[in-house]
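Asker: return a 3D structure for these sequence lines:
(chains A and B)
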There are 2 protein chains.
Amino acid sequence: MITRMSSLFLRTLREDPADAEVPSHRLLVRAGYVRRVAPGGFSWLPLGLKVLRNIERVVREEMDAMGGQEIQFPALLPREPYEATGRWTEYGDNIFRLKDRKNADYLLGPTHEELFTLTVKGEYTSYKDYPVVLYQIQTKYRDEARPRAGILRGREFLMKDSYSFDLSDDGLADSYQKHRDAYIKIFDRLGLKYVIVSATSGAMGGSASEEFLAEAETGEDTFVRSTESGYAANVEAVVTPVPAAQPVDGKPAAQVHHTPGTPTIETLVTFLNKADLGREFTAADTLKNVLLKTRAPGADKWELLAVGLPGDREVDMKRIEAALEPREVAILEEADFAAHSFLVKGYIGPKALQDNGVTYLVDPRVVTGTAWVTGADKADHHVVDLVCGRDFTPDGTIEAAEVREGDASPDGKGTLVAARGIEIGHIFQLGRKYADAFSLDALGADSKPIRITMGSYGIGVSRLVAAIAEQSYDDHGLIWPRGIGPADVHVVIAGKTDEIRAGGEQVAADLDAAGLTVLLDDRTAMPGVKFADADLIGVPTIVVVGRGLANGVVEVKDRRSGERTEVAVGDVVAHLTELVRG
Amino acid sequence: MITRMSSLFLRTLREDPADAEVPSHRLLVRAGYVRRVAPGGFSWLPLGLKVLRNIERVVREEMDAMGGQEIQFPALLPREPYEATGRWTEYGDNIFRLKDRKNADYLLGPTHEELFTLTVKGEYTSYKDYPVVLYQIQTKYRDEARPRAGILRGREFLMKDSYSFDLSDDGLADSYQKHRDAYIKIFDRLGLKYVIVSATSGAMGGSASEEFLAEAETGEDTFVRSTESGYAANVEAVVTPVPAAQPVDGKPAAQVHHTPGTPTIETLVTFLNKADLGREFTAADTLKNVLLKTRAPGADKWELLAVGLPGDREVDMKRIEAALEPREVAILEEADFAAHSFLVKGYIGPKALQDNGVTYLVDPRVVTGTAWVTGADKADHHVVDLVCGRDFTPDGTIEAAEVREGDASPDGKGTLVAARGIEIGHIFQLGRKYADAFSLDALGADSKPIRITMGSYGIGVSRLVAAIAEQSYDDHGLIWPRGIGPADVHVVIAGKTDEIRAGGEQVAADLDAAGLTVLLDDRTAMPGVKFADADLIGVPTIVVVGRGLANGVVEVKDRRSGERTEVAVGDVVAHLTELVRG
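Answerer: Numbers count the residues shown, from 1 in each chain, chains lettered A, B, ... in the order given. Modelled structure (predicted):
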C-alpha cells in the first residue's frame, strides 16, 4: 500500500505542544499521530491509527497462538454484576457511572472480570469444557484523577484483557505461565526493553502477580533491579535477605539506661555515643517500634499492630499495605496512644507490647541473637543489648522497611538500584474471588461441583504506542521498530524535475508491488522540509530519490543510525525487502 | 486457520430465546454468535466476532479504495462542541450523558460531526488541502427508548461514519457520489438485497439524502417501490405526479348548497348523491381543508397553515413534517379554533382562509381547472364546482397526503407497493451547518476565506450482521454469503474410527494450507448433532468426512441449496478452492 503525503491528513508541528510532559506525548503530537480532544481523551490520526493497529495485530496473533479465543463485550455495562462483587462501590471515583433514560445505573467498563465470569457460567457446565482462555481487545474507561502524559495515562484507552478459567490451581499456574510466555513474545516482537517484576511480596503466592514494565525514565512506576543479575521487582515485592541467626550465649545482659530527652533515633544515638558505654552506636543498632492499627475488610474494629525495624530505616507504608493485604492499615493517632497508657511514645519497647497482647512483627533482619537498643517502656529510658530470642520473641516478621539503593539483591547477586518504568502488562492469578461471587462451578466426573479458579491478564494496547515511543526517539523525532511504524519504507521525492518525480513514483510502485507498505512524500515542499518530516515521523528506513537518480542511484537512510547507503535503482526492491523482512 | 469445535467457546441452543422477536436475533443467539448482557447490549462470542470483523474488513477496504482516510475519536466526548451546535439539547433522551469526577459534562458519542469538523479545522488551512474524506469504524451509543430485535437496534453498536469536506457544492456532489458508489460496492460484496431510497422530498435538494435499506419483512423502515421499475423511496420522499392543468373556461359556476349535517366527507358524499345534482360524487371530488400550526425553530409564535387535499386521502403528518422541516408543526387544537371565529369546523373553505391571511397549501393534484366540493365557511353549507385558478388560488403545494399502494409511481412506470427494510446505510449532504457552527474555512487562492461544505455518511456495521442474517436463513439455521461467514469451510468428522478422524484432520490441514479458513468439528458428539450444528452455524460449504472415506470420497454439501456432491479426497482442495475463490 502507498500512502501519499500530498493527500494524507497530516500536519506536522514545528513547536512542542504546551501541555506535553514527556517525549512520547511531545513527538506523537508533533508528528501528527494523535490529537487531544478532551482531558485524557485523544483522537488517532491516520499515522497513529496505523501504528495502533500494528501493535493490536501483534497482540492478537500471540493471544491466538497461545490458545486464547477472542470475544467482545459492550463497554456500557449494567450495575448489577459489579454490585455483586462490590466493585461498583470499591472503584470510588475511578469509574464513570451514568444512568439511562429509565434511570437504571450503568458504568463504563474499567475491566470485565464480572462479565467474563458470567459468560463462562452461561455457556459451560462440564469439567470437560475446561480450561478456557477468553480475551478481548476493547476500549476501556477510567476516570483518572490526573490524566497525564498524553496517551500514557488517558481516561479512554485500548486494552487487551484476557481471563483464564481452570479446574485446579495447577491448571491456573499453567494458564498463567502460558500468558507470561505470550507476553514475552509480544513485547519482544515490539522491540521493547522491559522487566518483569513481582508485583506482590509473595504473601499471595510466589508468582501470583507480575508486572511487565517498559523501562523509561518518564515511567510512573518505580522498581528496583540488581546491578549484577536480571532480578527486578516492585518495591512492594522485595524480599529482604535474612541474615543468619547468632548464638544467644555470651551476649551481654540487657541493661536499662536513663536517657533523658531522646525521643528520636538521632537524639538517642548522640546520647549513647556521649555516654561512656565502651562502643560506638549507629542508628542501625537501634530497634524502632512503629505502632499501627489494622482491620479486616468490612470489619468495624481496629486492632493494634507493632512493627519493629532497624532505626536507620523508615517504614514504607506501601510495603506494609502489600504485606497485610487485604487488611486495611493506618498509622496510630494521638487518641489511640492516649487510650493505651502502656504505650510510652518515643520509648516503646517489646516488653510492654507483648505484656499487653499487641501483635509484634519485626523486620526480617531482626533474627535470633541480634542485640538492640530499644525503648524501655518508660519516659526517658532505653534498654541496651536487648537480644532477640532471649529477651523478646516477636510474633513474626514483616516487610515494612524501606528498600534502599545499595541493599543486597534478594537473589544474592549484586545490589539494588532504583529504576522507573511504564506498566505495559500485568498478569495475575485471581483465584476464586469472581467464581465465588457468581458460583461458577463445573460439574466434575464424579458429578460433584468444582469451583473454577481464574487468572486475569492485561496489556495496555494504546499505551504501548507511547511506551515504544518513549524508548525509541532522538532529537529529530520518532524511530519506530520494524513492522510497527506507519509504513515499512518512507520514500522522499527530493527534487522537482519530471525525472526525479517519475523515479520516486516508480520506486514506490515497485516497493508496493513487492508487498511493502510505503509512505510516499510526493508533496511539492522543499527537500529540507521533507527530510525533517521523515525524521520526525520515524519510519525506520528512508529512501531519498533525488539528484543521484541521474547516476542510477538512490540513497537509503537508516533512521536509527543515520547511516546512508547509495543503492542502484535496480537493486532497491531487493535491498529494501531484505532490510524489512530480515 | 483451523478453528476446532472441541475447544471453541460455543454452545448452540436447541430452543429459541424467549425475547427474540426476529429471525436474525433468534438464530444468532441459538448458533452462539451473540449473547445479551444488558438492554440493547450484546457480547460477541467467537463466531459472531469473526463475522463482524469480516464485514468490517469489507467496509474498510471500500472506504480506503474510494480515498477515505481512517482516523478514530474517543466515544467519551466533552459537552462543549455538542453545545455549540445545539445537539447537546436536541438529542433529548436519546444520548447517554454523564459527569466526570470534576462534575464536567460528557456524552457518549452518537455521531461525530462536531469532532470531525473541529479536527479538520485544527489541521487544514489552505484550499489546496481540500477535498478530504475522513472516516472511523467505531463504537457508538444511543439511548434507544425501545432497544429491540437483538443487534438490529441496540444501544451500543459498531458504525462506520465518514465525513467529506469540500470547497464547493459541486465538490460535495462528487464526494457524495463517490460514497454512493462505494456503498453499492460494499453492500453488493456482502450479498445483500437492498434498495436506495430518497430520504427527503427534495426540499433540501434532489439527492441530498438517500438511505440504503436491506429488504426484510422484519425491517423497521417502511418504503414504497414501483411494481415496474427500480424506483424506491421513503414515504416522506414520494413526489406526487402532477396532473396536467385543465382549461377553466366552460366549467360550471360554483354553487353554494345547504348541506345540513355533513361535517365529514362521508356524510357529505352521501348527502350529495341523494340530492339530485345530475352526477355521482365520490370522496375524491371533495377538497378537505386541514388546519395546522407551524413555527420556526426556536420561535415562540405559532402561525396558522391550511392544507387542502382530496377528501379520499388522509393527511400523513410524517410527510408534512418532512416537507416543512426544519419548522415545527402541530394539529390545530380546539382552543385555536375558538380563537379564530372564521374557522367553521367541518365547513372550512378556501375563501375564509385566504380572506383572513392564512397560508393555504394544497396537494399537487389540486391543479388549475380542477373543480371541487368544499366548505362554504358557513355551518351546514358546502360549495360545489369551486374551480382552482378561477375561484381560489392556493399559495403553493405541499406533499401532505398519504401515499397508498396502487398510486402511480413518480417515475411514470408502474404503481407503488409498500415494503419494509432495515436501514444499513445513509448518505447525506450536510452542507454548511457544522462548518458554520465552527467557522471552518479554507483560505482561497485569492486569500479570501471559503466556507467548507460537508457530507456525512454512515453504515451500521454491527447491524449488518443481523441484516445479512435476516435475508439469508432457512428452517435449519443461518446461511452466510461467501467471505462473510465465520469460516470458508465447515469440516465435519462424522465417525469415530481412527481412519475417519485422521482423514478429517488431514482434509482440514490441507484446506488450511491452501489458505482457506476452516471450522473443524472434531468433537466426540454424534454425527446427527454435528450436522444440525453445521446447518445452524451456516458456513456456506460443509465437508463431511465419514464412511465414504473408505472409498476415497468425502461429501461436499452446499448449505444454501442443500445439494450434496461426492468428491475424491485428492480433489478436495482444488474443488473447495474453486468454490470459495470462485
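
Asker: what residues are up against A:Ser12?
Answerer: Slight slip there: residue A:12 is Thr, not Ser. A:Arg30, A:Ala31, A:Gly32, A:Asp533, A:Leu536, A:Ile537 (CB atoms under 8 Å, 6 or more residues apart in numbering or on different chains). (C-beta placed from N, C-alpha, C; glycine too.)

Asker: ok, now with 7 Å
Answerer: A:Thr12 makes contacts with A:Arg30, A:Ala31, A:Gly32, A:Asp533, A:Leu536, as judged by CB atoms under 7 Å, 6 or more residues apart in numbering or on different chains.

Asker: A:Arg148 too?
Answerer: Each residue near A:Arg148 by CB under 7 Å, 6+ apart is listed here: A:Glu21.

Asker: one more time with 10 Å, if that's ok
Answerer: A:Asp19, A:Glu21, A:Val22, A:His25, A:Pro39, A:Gly40, A:Gly154, A:Glu220 (CB atoms under 10 Å, 6 or more residues apart in numbering or on different chains).

Asker: A:Pro17 is in contact with the fourth one, correct?
Answerer: Yes - applying CB atoms under 10 Å, one finds A:His25 in contact with A:Pro17, separated by 7.4 Å.

Asker: just to revisit the earlier point, now, of the contacts of A:Arg148, which are buried?
Answerer: Burial of the contacts of A:Arg148 was assessed by neighbour count (16 or more other CB atoms under 10 Å in any protein chain shown); the buried members are A:Val22, A:His25, A:Pro39, A:Gly40, A:Gly154.

Asker: who are the packing partners of the helix or strand the second one falls within?
Answerer: Here A:His25 is covered by helix A:23-30, with elements defined by DSSP states H and E. With contacts taken as 3 or more CB pairs under 10 Å, 6 or more residues apart in numbering or on different chains; DSSP states H and E, helix A:23-30 sits against strand A:34-38, strand A:41-44, helix A:46-65, helix A:461-471, strand A:473-474, strand A:477-478, helix A:527-537.

Asker: mind running it again at 6 Å?
Answerer: Packing contacts for helix A:23-30, counted by 3 or more CB pairs under 6 Å, 6 or more residues apart in numbering or on different chains; DSSP states H and E, involve helix A:461-471.

Asker: so how far is the helix it packs on off the chain centroid?
Answerer: Centroid separation for helix A:461-471 versus its chain: 13 Å, with CA atoms, centre = their mean, to the nearest Å.

Asker: can you tell me what sits against that helix?
Answerer: Here helix A:461-471 makes contact (CB atoms under 6 Å, 6 or more residues apart in numbering or on different chains) with A:24, A:28, A:51-52, A:55-56, A:59, A:151-152, A:157-160, A:193, A:214, A:216, A:218, A:422, A:424, A:478.

Asker: and for stretch A:352-359?
Answerer: Outside stretch A:352-359, the residues that touch it by CB under 6 Å, 6+ apart are A:Leu304, A:Leu305, A:Ala306, A:Phe342, A:Tyr360, A:Asp377, A:Asp395.

Asker: repeat for stretch A:499-517
Answerer: A:1-2, A:487-489, A:491, A:493, A:518, A:520, A:545, A:549, A:572-573, A:576-577, A:580.

Asker: where exactly do the helices run in the stretch 101-250 of chain A?
Answerer: For the stretch 101-250 of chain A, the helices defined by DSSP state H, counting those that start in this stretch cover A:113-123, A:169-189.

Asker: can you pull out the helices in the stretch 301-450 of chain A?
Answerer: Using DSSP H, counting those that start in this stretch, helices in the stretch 301-450 of chain A cover A:317-324, A:334-339, A:350-355, A:433-438.

Asker: please parse chain A into its domains.
Answerer: The record's domain split for chain A, according to automatic domain parsing, is A:49-238+A:418-469, A:255-397, A:487-581.

Asker: next, count neighbours for A:Arg97.
Answerer: Other residues lying near A:Arg97 total 16 when counted by other CB atoms under 10 Å in any protein chain shown.

Asker: same question but for A:Phe337, I mixed them up
Answerer: Using other CB under 10 Å, A:Phe337 is surrounded by 14 other residues.

Asker: now do the one 10 residues further on
Answerer: For A:Tyr347, the number of neighbouring residues by other CB under 10 Å comes to 22.

Asker: poorly predicted segments of the stretch 301-450 of chain A, please.
Answerer: Regions of the stretch 301-450 of chain A meeting the criterion pLDDT under 70 are absent.

Asker: skipping adjacent residues, who's closest to A:Arg482 in space?
Answerer: A:Pro540 (5.5 Å; CB to CB, 6 or more residues apart in numbering or on different chains).

Asker: what does the stretch 151-300 of chain A put close to chain B?
Answerer: Applying CB under 6 Å from any CB of the partner chain, one finds that the stretch 151-300 of chain A approaches chain B through A:Glu156.

Asker: quick one: the strands in the stretch 151-300 of chain A?
Answerer: A:156-166, A:194-198, A:209-215, A:221-226, A:232-234, A:255-258, A:287-295 (DSSP state E, counting those that start in this stretch).

Asker: save those as CSV, and put in mean neighbour count and mean pLDDT too.
Answerer: What follows is these, written out as CSV (neighbours: other CB atoms under 10 Å in any protein chain shown; pLDDT from 0 to 100):
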stretch, mean neighbour count, mean pLDDT
strand A:156-166, 25, 97
strand A:194-198, 22, 90
strand A:209-215, 25, 93
strand A:221-226, 20, 90
strand A:232-234, 25, 88
strand A:255-258, 14, 92
strand A:287-295, 20, 93
